[in-house]
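In: Sequence first, predicted model second:
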Amino acid sequence: MAIDLDDDIVQDFLVESREILDRLGGQLVDLEQHGEDKDLLNSVFRGFHTIKGGAGFLGLNPLVEVCHRTEDVFNLLRNGEKRVSPELMDTVLRALDVVVAQFGQIENGQEPEPASEELLGELDRLKQPDGAAAAESHGSGAGDSAPRAGAQASDGEGTDSSGGGEDITEAEFDALLDTLETESSDTGSGSDEITDEEFEQLLDELHGKGQHKGAPEEPAAAEQSGGDDEISEEEFEQLLDNLYGPGAAPGKDGTPPAVADHKAGQPAAGETPAEAEGAGGADSDAAAAAPAAPKQGAKGGGSPASESAAAADKPAPSAGGGGKQPPAQGGSGSQGNGKGGGDKGGDGGGGSRVEASVRVDTAKLDEIMNLVGELVLVRNRLSNLRNVLDDDRMGQAVSDLELVTSDLQSSVMKTRMQPIKKVFGRFPRVIRDLARQLDKEVTLETHGEETDLDKNMVEALSDPMVHLVRNAVDHGVEYPDEREAAGKPRQGTVTLAAEQEGDHILLTIADDGRGMDADKLRNLAVKKGVMDQESASRLDDKEAFNLIFHPGFSSKEEISDVSGRGVGMDVVKNSLAKLNGTVDIDSELGRGTSMRIQLPLTLAILPTLMVKVSGRKFALPMSVVREIFELQDVRTNVVNNRLVAIVRNKAMPLFFLERWLDQSGEPVLRTKREMAEGNGEDEGEDERQVITVIVGNQAVGFVVDEVIGLEEVVIKPLGALLHGLPGLAGSTITGDGQIALIVDIPSLIKAHGRRL
Amino acid sequence: MAYENMQYEEDAELAEGPTSQWVTFKLGREHYGINVMQVQEVLPPSEIAPVPGAPHFVLGIINLRGKVVTVIDTRLRFGLEPREAGKESRIIVMEVGENIAGILVDSVDEVASVREAQIDTAPNVGNEESSRYIYGVVSREDGLLILVDANKLLTEDEWQEVAAL
């Protein structure tokens, strides 16, 4: 079946499932530490179950196969019939990886590839409970029966004994829908409502949290079926069978009718509230017992007749809230113990909580951000005008406008903010896998997960962070024996911390490992030909640590598949520089290393230093600017055909921005400039300014005609024709409506450095 | 009756063929046309900020109500001698796909209706450089109107050119 990515249902499924998958990664690692945590187990179970449900609905069978088996495993786990072991977790985590990969394929519009037979087989093996076979417990059913039986009935899973374990295939689904349609036409009520209702319900399951609006049809459908009493017991059973596969059948056959009803009812209540309610209005015993069943559980039994009355009351409110109520909640309740199910389901249905959040396409947010940016520019122009016009009332109005736009700007900015948890969330898994792979013992501590960061930033941060964390585990933390010998606890700790500091974010990645040896780094630098012995020995410790950001520098003796290909750290540094961020290393031999990353809060607004060159404005990102001085105040020399300024006894190469502009065909006062360079020292009144910027690990000077000052600018991307020009990060419109180009210094030097 | 009317209009269409509207402009001595559907607006030339490192035919960028729009020198694009923008010069802002770009032309004349049937495939007008962007030509009383394909003017080759930088 081709996957229609434009379909809203598919999109919703993908988005929701992504969230679940993100959560699962963390939960699974937690689980390894707290294997007995029932809530956690339930939550993981529900996660896989929800994905499976959605995938089944969309006919994504490869996905269903994996999720289904994993879900089965967790079903055993949460019922205490199996214990969490590292081996089990390995398999489950692999299963999660497969699911994530499959989602990647689906998002690219491909059919998901089936998981390997080996993995499926492994999961199947894990599906066996540690203890006895399930056959007997399954038959006993009822509220006090082994939870597993109830759970399985309510999940609609077949067990091994019942010959089930079948996925809900597309065909089955079609059959189900058909059945539903026939049923409802039997009752003479509109078949559309029933299918819609079913649909809503499926969507609810997909959504899990019930973001989906409650269906207006639901109450109507409940009413209609309530009014009709044509649905026979058989039909209802058949319906459930169709829905849940043969799994529910054994309970039905092997136990007294009341229990059968109870069991049949549980799944209905837990998983398909809409159906249960719809049927609840009908008079037939089975149908009446369906909504009643959870309540039965709650009261420890009760006559179907009395329940059916209560049930008749229920449908309306719970149907109304049906869209909001997480179906999984009801399900889990009824699975844990017969009692909770009905109560929870009822509460969830009755107390329809109002959805306080909406999902907004990020493109829309970007658009709003853009518009606000333009508003800011207009505001800037108005405030320029205010100074010209000098009118009090005008001035007042403009001041008000300034306030409002600033507030608006920060509000919009906040909507784009996401907690850094999103990045941190993947690290428990990363660290766990690494530690196992390397035979180390490592725990992860996180602080400040709630710190908000621009969404784009959160996404862009992920990869560099992973690299740093892997490095911390691979290079930083020692092997347990080593640690013990050094008098440290066997278990190493990697700490991730985030905090807001003024208008930027400070991220710290620290380990309590062996730390970095500055001398070793110096030697390595010489050995690798990065620098000569002389200059290496002159480096202070901090500078030596910074050597690791040099391209082709890996301090690990041999290459492991974790890190150490020597391409790492300079890539990390570059990608952080792209975000206008900086990295700083601090390390103490034997005590550990900490990397401090500083990042701006957002990428949308850039603090820049406005300068003028050849009569045109340019914006230099403030993040790289270190200092400003006048060219004539410093001694200059010509080294290797380049003018070099001597600042604090260090030579700093100077670059002339106007020569970059030259190539666009405009003649600049070239001769004078050339002379200035040729003489090494300017004899005339050269009031030009030098701006020291940091490129990589080096300070270089840019000579400009005039420094205008600090300005926060909104970055406007250049059109397709000019996209990706070296040296340009974009453009912006200044307060006076002029265009200023934003200079991307690293790429400028790389591309044009020789000529500047 | 409505049906009959429709029938009548259809007949008329058949007789004259569908028409399209073209914004005509002058470059050197030639008249060119660009499909009106691709034209967003026509501006008097404002301050164009040059962009260092841009392809040679890119004049620079302008601020169009807060949007940054790239401006192309059509003369260079069509292999004509570059000329300073004069009083008559205009920037035609075009929308091509998702991109917005402006072309600087010597002057803008009118919006002309052209019947599809009148459009001939281009004879080799001008030179190689310009003929690449030509959709067709229309012979009118006051001379030849050269219809430009805006898509080609702004895309494909440019991409290669930009990529080659």
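Out: Received the coordinates, thanks.

In: only C-alpha atoms for contact and neighbour calcs from this point on.
Out: OK.

In: ok, which stretches of the stretch 551-700 of chain A are strands?
Out: Here the stretch 551-700 of chain A has its strands, by DSSP state E, counting those that start in this stretch, at A:582-588, A:592-600, A:605-613, A:616-621, A:625-630, A:635-639, A:642-647, A:650-656, A:689-695, A:698-704.

In: Assign a three-state SS to the residue of chain B found nearest chain A, would you?
Out: Here chain B gets closest to chain A at one residue, B:P52, 5.1 Å apart by CA to the nearest CA. Following DSSP: H, G, I helix; E, B strand; the rest coil, B:P52 is assigned to coil.

In: now B:E47
Out: Following three-state DSSP, B:E47 is assigned to coil.

In: Need the nearest residue in space to it, chain neighbours excluded.
Out: B:I62 (6.6 Å; CA to CA, 6 or more residues apart in numbering or on different chains).

In: And the helices in chain B?
Out: In chain B, helices defined by DSSP state H lie at B:2-16, B:74-77, B:128-131, B:150-154, B:157-164, listed in chain order.

In: Now do the strands for chain B: every range, in order, please.
Out: Using DSSP state E, the strands found in chain B span residues B:19-27, B:30-35, B:39-43, B:58-64, B:67-73, B:90-96, B:99-105, B:107-115, B:134-140, B:143-148.

In: and of the ones you listed, who's closest to A:S17?
Out: strand B:99-105 (34.1 Å; CA to CA).

In: Let me know the angle separating that closest one from strand B:90-96.
Out: Angle, strand B:99-105 to strand B:90-96, by axes from the mean of the first three to the mean of the last three CA atoms, to 10 degrees: 150 degrees.

In: show me what contacts residue 88?
Out: Since no chain was named, I'll use chain A. Listed by CA atoms under 8 Å, 6 or more residues apart in numbering or on different chains, the contact partners of A:L88 are A:L126.

In: Switch to chain B, please.
Out: Counting by CA under 8 Å, 6+ apart, B:E88 touches B:D106, B:S107, B:V108.

In: Could you check the pLDDT of the last one?
Out: If I follow you right, that is B:V108. B:V108 carries a pLDDT value of 91.

In: Which strand residues bridge it?
Out: Counting by DSSP bridges, B:V108 forms beta bridges with B:F25.

In: is it true that it touches B:T24?
Out: Yes: if you go by CA atoms under 8 Å, B:V108 and B:T24 touch, sitting 6.1 Å apart.

In: start to end distance for stretch B:103-111?
Out: With CA to CA, to the nearest Å as the measure, stretch B:103-111 spans 17 Å from end to end.

In: what does that stretch contact?
Out: With contact meaning CA under 8 Å, 6+ apart, stretch B:103-111 is reached by B:21-28, B:36, B:45, B:71-75, B:85-86, B:88-94.

In: Show me which residues of chain A sit near chain B.
Out: A:374, A:377, A:660-664, A:716-722, A:725-726, A:731-733, A:737-739, A:741 (CA under 8 Å from any CA of the partner chain).

In: The residues you listed in helices, which ones?
Out: Using DSSP H, the residues of chain A next to chain B in helices are A:E374, A:L377, A:W660, A:L661, A:D662.

In: pLDDT score for the third one?
Out: In this prediction, A:W660 carries a pLDDT score of 80.

In: doesn't B:P52 make contact with it?
Out: Yes: with contact defined as CA under 8 Å, A:W660 reaches B:P52; the gap is 6.4 Å.

In: the more surrounded of these two?
Out: Counted by other CA atoms under 10 Å in any protein chain shown, A:W660 and B:P52 do not tie: B:P52 has more neighbours, with 24 against 18.

In: any idea of the pLDDT on the more buried one?
Out: Note on B:P52: pLDDT of 84.

In: gap between it and A:L606?
Out: From B:P52 across to A:L606, the span is 21 Å (CA to CA).

In: Equivalent analysis for B:L27, please.
Out: Taking CA to CA as the measure, B:L27 falls 41 Å from A:L606.

In: These two: who's more crowded?
Out: A:L606 (22 against 17).

In: gap between A:T446 and A:F424?
Out: Look at A:T446 and A:F424: by CA to CA, they are 8 Å apart.

In: Residues that sit against both of those two, list them.
Out: Both A:T446 and A:F424 are in contact with A:L496, where contact means CA under 8 Å, 6+ apart.
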